[in-house]
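Asker: the following block contains a protein sequence and its predicted model.
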Amino acid sequence: MIDLKNKNAFITGSSRGIGQQIAQGLARLGCNIIVHGRTKDSCIKTLDLLEEYPVNTYCVYGELSDEVQVNHLVEQVQNLNLNVDVLYNNAAVMTPYHEDYWDHTWEEWMASFKVNVMAMYSLCRAFIPNMIENGFGRVINITSGINGEPELAPYGASKSAVNKLTDDLAAKVENTGVRINLLDPGWLRTDLGGQYADHPVEAVLPGALAPALIDDDGANGELFSALDHNLDL
């Protein structure tokens with residue numbers, strides 16, 4: 001495993017839930033953390049949780065369903081004048097569950113793809129070229145094991161698009177110091193996963209850290225399962 005001490009990690013959706021857990025896990029390894037939430041105030045809780053670690057922390061904010069705000073989010077990160085070494089595309093939305101699975105609206109489809117796919121692509125575009133130039137980068141895109149549930153079709157289809165885009169980008173960074181992989185966090189009790197999920201949100205660690213810790217010639221375009229991955233940290 002590589003040493004992430006003094007590296008910089010940008011984690012979308014890290015104001016709560018899975019992203020907040022990942023932020024704490026990376027901070028324990030000495031990684032500086034760029035926290036992201038929809039608003040500046042939404043970052044406060046995670047920033048407070050990170051105070052116990054001897055790392056630098058930052059807050060950036062923006063709504064990922066809005067291209068203008070995504071562009072502004074990129075500018076905020078770039079204005080920090082530091083390299084993004086780890087990009088964790090964690091943020092996602094799930095539109096309502098429809099018993100009548102023919103009832104999904106175009107607005108629901110667009111909401112899913114804007115946040116889950118298009119914003120992710122924009123952030124990869126913003127930071128992967130610099131990672132390649134610097135000779136180091138770890139990109140982790142959150143996916144889902146959802147299957148056979150057309151009641152959540154826009155969400156499921158958006159995650160399939162995440163898988164495909166990750167696979168395609170992996171082919172382009174194969175011979176660089178950048179690795180891009182997928183993480184399935186499992187069904188966790190979060191705002192998105194719901195209260196009846198199988199596992200508490202804390203169960204995402206330490207497995208969610210595995211794709212950030214691989215060597216330069218390690219896994220690329222592969223799927224990691226947080227709940228099945230044991231790390232000796």
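Answerer: Thanks, I have it.
Asker: show the subsequent helix or strand relative to the helix or strand of the chain with the lowest mean pLDDT.
Answerer: Every helix and strand in the chain was compared by mean pLDDT, DSSP states H and E; the lowest is strand 188-189, with a mean of 66. As assigned by DSSP states H and E, the chain's next helix or strand after strand 188-189 is strand 199-200.
Asker: could you point out which element follows that following strand?
Answerer: Next along from strand 199-200, by DSSP H and E: strand 223-225.
Asker: partners of that following strand, with directions?
Answerer: strand 178-184 (parallel) (DSSP bridges).
Asker: who touches the lengthiest helix in the chain?
Answerer: Ranked by number of residues, the top helix in the chain under DSSP state H is helix 153-173. The contact list for helix 153-173 (CB atoms under 8 Å, 6 or more residues apart in numbering) reads 92-95, 101, 104, 108-109, 111-113, 116-117, 120-121, 124, 128, 132, 137, 139, 141-144, 146-147, 149-150, 179-182, 220-221, 223. The way it works is simple: take the backbone N, C-alpha and C, and place the C-beta from them, glycine included.
Asker: show me how far it is from its chain's centre.
Answerer: Distance, stretch centre to chain centre, for helix 153-173: 13 Å (CA atoms, centre = their mean, to the nearest Å).
Asker: surely residue 206 touches residue 228?
Answerer: No - between residue 206 and residue 228 there is no contact under CB atoms under 8 Å: 11.9 Å.
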